[in-house]
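>>> compute the structure for the input listed below.
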Amino acid sequence: MWRIIRWLFYLAVLAVIALVIYAYVGPFFGADFGAPQTEIRVPVTLDAD
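You can find the predicted model right below:
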């Protein structure tokens, strides 16, 4: 039982390390993590009676 938990822990640590590496190296390979920068204008009607 402890052997399985230990392997799952190692796998989780490796997954976190891989995610961090992908976050830093991804933009060099064309991955874009930025949010789209577009302006949105929506008319708002206020009822202040």
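>>> please count neighbours and contacts with C-alpha atoms only from this point.
OK.
>>> just the pLDDT for Ala18.
The model reports Ala18 with a pLDDT of 96.
>>> what's the spacing between it and Val25?
Distance, Ala18 to Val25, by C-alpha to C-alpha, to the nearest Å: 10 Å.
>>> give me the neighbour count for Gly26.
Neighbours of Gly26 under the rule other C-alpha atoms under 10 Å: 14.
>>> so where's this protein uncertain?
The chain contains residues with pLDDT under 70 at 49.
>>> how about 90 then?
26-36, 46-49 (pLDDT under 90).
>>> now the helices for it?
Taking DSSP state H as the test, the helices found in the chain are 2-25.
>>> gap between the two ends of stretch 23-33?
OK, stretch 23-33 end separation, C-alpha to C-alpha: 8 Å.
>>> and if you look at stretch 18-35?
So stretch 18-35: terminal residues 22 Å apart, C-alpha to C-alpha.
>>> swap in stretch 21-41?
End to end - C-alpha to C-alpha - stretch 21-41 spans 37 Å.
>>> now for the nearest residue in space to Pro27 that is not next to it in sequence, how many residues are close by?
Of all residues not flanking Pro27 in the chain, Phe33 sits nearest, at 7.7 Å (C-alpha to C-alpha, 6 or more residues apart in numbering). Neighbourhood size, Phe33 [other C-alpha under 10 Å]: 9.
>>> next one: Phe33 from Val16, what distance?
17 Å.
>>> same question for Trp2.
Distance from Trp2 to Val16, by C-alpha to C-alpha: 21 Å.
>>> those two: who's more crowded?
Val16 (12 against 7).
>>> which residues touch the more buried one?
Residues counted as contacts of Val16 (C-alpha atoms under 8 Å, 6 or more residues apart in numbering): none.
>>> show me what stretch 32-42 is in contact with.
With C-alpha under 8 Å, 6+ apart as the criterion, stretch 32-42 contacts 26-27.
>>> what's the first-to-last distance across that stretch?
27 Å.
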